[in-house]
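*Asks:* Need coordinates for the below:
(2 chains)
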Number of protein chains: 2
Amino acid sequence: MPIYNAPVTDMQFILHEVLNVSGSEVPGYDELEPDFTSAVLEEAGKLARDVLAPLNRVGDTQGCRLENGVVRTPEGFAEAFAQLKDGGWTALDCDPEYGGQGLPYIMQTAVGEIFVSANMAFNMYQGLTHGAYSAIHTHGTEEQKRTWLPKMVTCDWTGTMNLTEPHAGTDLGMMRTKAEPQEDGSYLITGEKIFISAGDHDLAENIVHLVLAKAPGGGEGTKGVSLFIVPKYLVNEDGSLGDRNHVSVGKIEHKMGIHGNATCVLNYDGAKGWLLGELHKGMRAMFTMMNEARLGVGLQGYAVAETAYQNAVAYARDRLQGRSLSGQGTTAGAADPLIVHPDIRRNLMDQKSFVEGARALTFWGAQLIDRSVRLGDAEAEGLISLLTPVIKGFQTDKGLESAVAAQQVWGGHGYVEENGMSQFVRDARIAMIYEGANGIQALDLVGRKLAADGGKPAMAFFHMIRAFLKENEEDARLKGFLEPLKQASKDTQKAALFFAEKGIKNPDEALAGSYDFMTMMGHLCLGYMWARMAKAALAALDAGRGDRDALEAKIATGRYYMARHLPATALHLARIETGAEPVMGLPAEAF
Amino acid sequence: MPIYNAPVTDMQFILHEVLNVSGSEVPGYDELEPDFTSAVLEEAGKLARDVLAPLNRVGDTQGCRLENGVVRTPEGFAEAFAQLKDGGWTALDCDPEYGGQGLPYIMQTAVGEIFVSANMAFNMYQGLTHGAYSAIHTHGTEEQKRTWLPKMVTCDWTGTMNLTEPHAGTDLGMMRTKAEPQEDGSYLITGEKIFISAGDHDLAENIVHLVLAKAPGGGEGTKGVSLFIVPKYLVNEDGSLGDRNHVSVGKIEHKMGIHGNATCVLNYDGAKGWLLGELHKGMRAMFTMMNEARLGVGLQGYAVAETAYQNAVAYARDRLQGRSLSGQGTTAGAADPLIVHPDIRRNLMDQKSFVEGARALTFWGAQLIDRSVRLGDAEAEGLISLLTPVIKGFQTDKGLESAVAAQQVWGGHGYVEENGMSQFVRDARIAMIYEGANGIQALDLVGRKLAADGGKPAMAFFHMIRAFLKENEEDARLKGFLEPLKQASKDTQKAALFFAEKGIKNPDEALAGSYDFMTMMGHLCLGYMWARMAKAALAALDAGRGDRDALEAKIATGRYYMARHLPATALHLARIETGAEPVMGLPAEAF
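*Replies:* Numbering: from 1, shown residues only, chains lettered A, B, ... in the order given. Purely as a prediction, here's the structure:
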């Protein structure tokens, strides 16, 4: 069975040496002393290792079943969910007003990584609840918050997002689900929603569906869309559960992965719902959930890769096969462990340098959100808005690649389901698709975020890197980091300039390079994080703080990323600069 | 249900315009007139479309079952196998002496692609038989050939390869299976073999296992290994089947994909076997099968990608979602088809340019084999030996990427099993692993093939490209092809030189870059094939031969590959030139 151990040392390094959370001005960060965060992460790690990880393959093997209209989760999920709730893990960063613990989002992120690594499908039940919680918390009326949030904070009630319809995925403007206003101020919702993760299950008393639908009087397309709260069970005045609402499960999908999470077709047949936020401005409210969800999916990308990596390392140490040609690490046995072989090492370094870089980027992203929400820092808000599609798109692309690489270390044994490596690949695959397929992330980045607010966030991002380079130019020990970072930053700015110049005349000139741009931004972000990590590791070494070996390994891993991965930006720039012609040159009939 | 249509037009273009098969001096190629090859391919395409492709998902869904020691294949497989046999498809390039049709290997390859595209798991039953046929044909005694080959040519008896043991995958020297010589000249084989594809099934009367085992008196490691013919049923003097041999199925693996093919644990418990080839030189005989198998696996890489691509295109044309920002292809409906969107187009061009390039490379490789076998052309033999690990490694890596890209076009619908896109990805995944994991292919390329025969094949390869560049330097219409090809060739030679210089002192300097080298060689090969295809397409256009639109599409697709993919060689060179330090710098304990 696959192993999983929470990478608490690395998380602590990022939180305290790189991001210096407890020394930050962000309200609530003063609580995040090293001893406190370590205790929380260790505790989450135990639950992950002892309860959630052992259920990962159970979930994959058994999947969810639809029985008489009710979804049954795999054996052990209900007990584990109870432990999650009892431990208060669902309430970490929720508003104390509604029973939450009020911790910063960065702690939710670190703990979230641990749970996702251990069992991605399982963690989605609470992950989606958190997204729905946020939407209601941001856009709900006082009464709505009092009605729904306390039970969602504890996950006694879970949440879902209902966007997609059979003919309307990305293009939400085409949706057909209707909301008819009633005299009591409620609406009756009718329509079919598909791909609803955690859409039904036996883990909670009630499920709070947030549903996009069209109410009369709205415009065409997405303008006419509003967001509604539609519970599985209606709630009485006293808070007790009332009648079953008119929403039913049409079927559950048989998917490539995340079998432990029920992906439902939900049929709304005049179900009672209440408007959340403003009428005809549902997209705005939905984006609150979606941005959070996109970061969460970007986290899934590297979190699954982390577990896959741990299991690849374990196998590479254990499996004896072939001899080291250079004699390094040669053992007395019949053969050396796989880990002596340079190409296995290359493979493991690819995984390790990606996962640790992505972790740093994701934690930094969470810090930006905390700055934005808790400090009202507009620059932080602009930055995270710019980086969200990068974190989602790049990290899930590379997350799959990384999981595939981990599976490869296991050879034929990795293709056999019982060893669990296949599941990591199959689970990781969805993250490139849901919450906006990665092509949509690239479109969002190039078509919207790059030019948002007059290009201010993008300029701030590049400026931040230039400032870092300037600030550290004298530090010879960072040489292997600064040069590649400088070059990657130049390449990326050049690409942005190309879009600005050519895209005005013909948007296809920019869109044809959007995916490459997302990828090069991802490399640049990871390169920037690696340079910051190297600097922090050197500072800790100088000060005699932390584990010397771990800090040196951190620097060596960063050197690998800078030397072997950052130069990819030149390739992406070259591709982008070929423009739209090679991409669009072929007539559609010629495919 | 997924569609599949054999790409006969493209195959004909490669066979006749690019490789000019019927004008070749290779014995047997004179038969390969366009009308003949077209008739064969069309016929194969019908069987593939009407019989094999519809069984692909059946195979995936039902899988194989082990019942009372016997493997049952999915519903319909037996009938389809009978049709395959009745049509003579199993005998195409086999020796007429034993009932084969004696066609060149290149025809076997083209037909093989069609069958693999339609149903990879199904086609493995005959594919492995062909490998075993070749080993017996090359290394068997006259009597062995008369005993085994006629029934294997018809697939009345199928074949398998038995290499792997639980503790010995790549490192065959550690194998424990023993062969005890008997007085009658036979051997008794005892041991456990795993991952035996088509190891048991209900499609044939008998199964001829080729088994690697250690006979007394051999040296340590692979030196002591011999190859044995071990049938499931013993064969009587008169050719009728006798007793069941002592080989049994321990279990069948539950795998990520290729469910329609039974992957068996085979237990040999004093099973009767006969030496094939020389004693203690079994590795040599096994390599006959393995090289053929590796090309076959390289073919699987792009053949599965071809079907996935066809289904991605169909969906991209059909699915209405969003509006073209540039107005290109805008329709009157509520939304435009996906195919108008530049990033979808980029995705499809990636797939198309890979698949068509890989097809050309694979067909050319088959031509080299025909030249080697039928003409005794030593340069061709050297070249295909050099290119085999590239075709296997590069094409299966990119084949998975391409299938993932095709699945991505389908969005969430691609993640749902019933649409079949997931199966393509899961099936394609194995090709990177079996017949030598791709890291082993890279090792074979850099550690063995590059320096083989004093480096002659490698020099011949680079010389061939230089000659092509020289020969066409005046042709302005090839400009977009020659420059990138020249640069990629330079990069690749520079990498080879780096290995030659640094690898002597420390093999890790070469091995750390082996995977990058395999990848850059793959790009160079595809670039070379695209340049040859562009030249051939221009010649056909000039001569007024063929379909104008298809020829122009060919050139545009080539331009895309040259502009967007060939520049990757610079990145791989940069990675290689960082040497062993970044890869091996971290101590093994630090992972």
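*Asks:* Which is the succeeding secondary structure element to the host helix or strand of residue A:553?
*Replies:* For residue A:553, the host element (DSSP states H and E) is helix A:548-560. Sequence order places helix A:568-577 as the next helix or strand after helix A:548-560, per DSSP H and E.
*Asks:* now what about the helix or strand just after that next one, what contacts it?
*Replies:* Reading on from helix A:568-577 to the C-terminus, the next helix or strand found by DSSP H and E is helix A:581-584. Residues from elsewhere that reach helix A:581-584, judged by C-beta atoms under 8 Å, 6 or more residues apart in numbering or on different chains: A:508, A:512, B:328, B:342, B:345-346, B:349, B:556, B:559-560, B:563-564. No exception for glycine: its C-beta is placed from N, CA and C like everyone else's.
*Asks:* top strand in chain A by residue count?
*Replies:* strand A:263-276 (DSSP state E).
*Asks:* Report the buried residues of that one.
*Replies:* By neighbour count on 16 or more other C-beta atoms under 10 Å in any protein chain shown, the buried set for strand A:263-276 is A:263-268, A:271-276.
*Asks:* still on that earlier bit, please identify which of the contacts of helix A:581-584 is nearest to residue B:483.
*Replies:* Nearest to residue B:483 among the contacts of helix A:581-584 is residue B:563, at 10.1 Å by C-beta to C-beta.
*Asks:* contacting residues for the closest one?
*Replies:* Counted by C-beta under 8 Å, 6+ apart, residue B:563 has contacts A:575, A:578, A:582, B:480, B:484.
*Asks:* farthest pair in those residues?
*Replies:* Longest span within the contacts of residue B:563, C-beta to C-beta: A:575 and B:480, 14.3 Å.
*Asks:* quick one, which of those two is more surrounded?
*Replies:* Neighbours of residue A:575 and residue B:480, each counted by other C-beta atoms under 10 Å in any protein chain shown, are more numerous for residue A:575; the result is 25 against 18.
*Asks:* Now do the closest residue to residue A:495 other than its chain neighbours: how many residues are near it, please.
*Replies:* Residue nearest to residue A:495 in three dimensions, not counting chain neighbours: residue A:576, with 4.8 Å by C-beta to C-beta, 6 or more residues apart in numbering or on different chains. Per other C-beta under 10 Å, the neighbour tally for residue A:576 reads 27.
*Asks:* now the one 3 residues further on
*Replies:* Neighbours of residue A:579 under the rule other C-beta under 10 Å: 18.
*Asks:* Quick check, pLDDT for it.
*Replies:* Reading off the confidence values, residue A:579 has pLDDT 96.
*Asks:* wait, it sits on residue A:512?
*Replies:* Yes - contact criterion C-beta atoms under 8 Å: residue A:579 and residue A:512 qualify, at 6.5 Å.
*Asks:* tell me the SS of the residue of chain A most remote from its centre?
*Replies:* Here the centre of chain A is the reference, and by C-alpha atoms, centre = their mean the most remote residue is residue A:332, at 44.2 Å. Classification of residue A:332 by DSSP: H, G, I helix; E, B strand; the rest coil places it in coil.
*Asks:* quick one: it and residue A:315, what's the gap?
*Replies:* Per C-beta to C-beta, to the nearest Å, residue A:332 is found 21 Å from residue A:315.
*Asks:* pLDDT wise, what is residue A:328 at?
*Replies:* 69.
*Asks:* if we can go back for a sec, rounded mean pLDDT for the longest strand of chain A, please.
*Replies:* 98.
*Asks:* Could you do stretch A:244-256 as well?
*Replies:* Mean predicted lDDT for stretch A:244-256 stands at 98.
*Asks:* Output it as PDB - backbone C-alpha positions only.
*Replies:* Presented in PDB, the C-alpha positions along stretch A:244-256 are these (Å, rounded to 0.1, in the frame of the first residue of the first chain):
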ATOM      1  CA  ARG A 244     -36.800  16.800   0.800                       C
ATOM      2  CA  ASN A 245     -36.400  19.400  -1.900                       C
ATOM      3  CA  HIS A 246     -37.100  18.600  -5.500                       C
ATOM      4  CA  VAL A 247     -33.600  17.800  -6.500                       C
ATOM      5  CA  SER A 248     -32.600  14.200  -7.400                       C
ATOM      6  CA  VAL A 249     -29.600  12.300  -8.500                       C
ATOM      7  CA  GLY A 250     -29.900  11.300 -12.200                       C
ATOM      8  CA  LYS A 251     -26.800   9.200 -12.200                       C
ATOM      9  CA  ILE A 252     -23.200   9.100 -11.000                       C
ATOM     10  CA  GLU A 253     -20.400   9.200 -13.600                       C
ATOM     11  CA  HIS A 254     -18.000   6.300 -14.100                       C
ATOM     12  CA  LYS A 255     -14.700   8.200 -14.200                       C
ATOM     13  CA  MET A 256     -11.100   7.700 -14.900                       C
END
